[in-house]
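Asks: Could you work out the structure for the sequence below:
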Amino acid sequence: VNSWNAFVRAKLNEANEDHEQGDHIKLTRFIAKNKDKLTLTHALLSSAEKQGYNTQVLEAHKKKNQVAQANPKAILHDTNATFASMDCKACILSFFSFKI
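Replies: Numbers count the residues shown, from 1 in each chain. Purely as a prediction, here's the structure:
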């Protein structure tokens, strides 16, 4: 995890707290407008603070993966794909067993 990316994402989230859902500041515009301030602030961070930002990103990543795995529609899709593959393999095996 890159501490710069984690730091910028945290600052962008702080800036977007006061905005409505469709009115959020875009990342590229935020960096262009605040690049000097962000660079200076990031340079002044201690290694512990940088590690804290990295930890936040890793925790958010873990939560995001858990949500994706708990998606019932995705699970149904994976199950159907698995059974379709098994059905196809069974058809191929039965075809070759009858030819012998």
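
Asks: where in this structure is pLDDT low?
Replies: For the chain, residues meeting the criterion pLDDT under 70 lie at 65-70, 89-90, 92-100.

Asks: could you pull out the helices for it?
Replies: 3-16, 27-43, 47-69, 72-99 (DSSP state H).

Asks: Arrange these in CSV, one row each, with mean neighbour count as further columns.
Replies: C-beta coordinates here come from the backbone N, C-alpha and C atoms, glycine included. Supplementary listing: the helices of the chain in CSV, determined by neighbours: other Cβ atoms under 10 Å:
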stretch, mean neighbour count
helix 3-16, 16
helix 27-43, 12
helix 47-69, 12
helix 72-99, 10
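
Asks: for Ile31, what are its contacts?
Replies: Taking Cβ atoms under 8 Å, 6 or more residues apart in numbering, we find Ile31 in contact with 8, 38.

Asks: Sorry, wrong one. I was asking about Phe30.
Replies: Per Cβ under 8 Å, 6+ apart, neighbours of Phe30: 8, 11-12, 15.

Asks: repeat that for 6 Å
Replies: Leu12 (Cβ atoms under 6 Å, 6 or more residues apart in numbering).

Asks: And for Asn34, nearest residue in space, chain neighbours not counted?
Replies: Excluding the flanking residues, the one nearest Asn34 by Cβ to Cβ, 6 or more residues apart in numbering is Lys11, at 7.6 Å.
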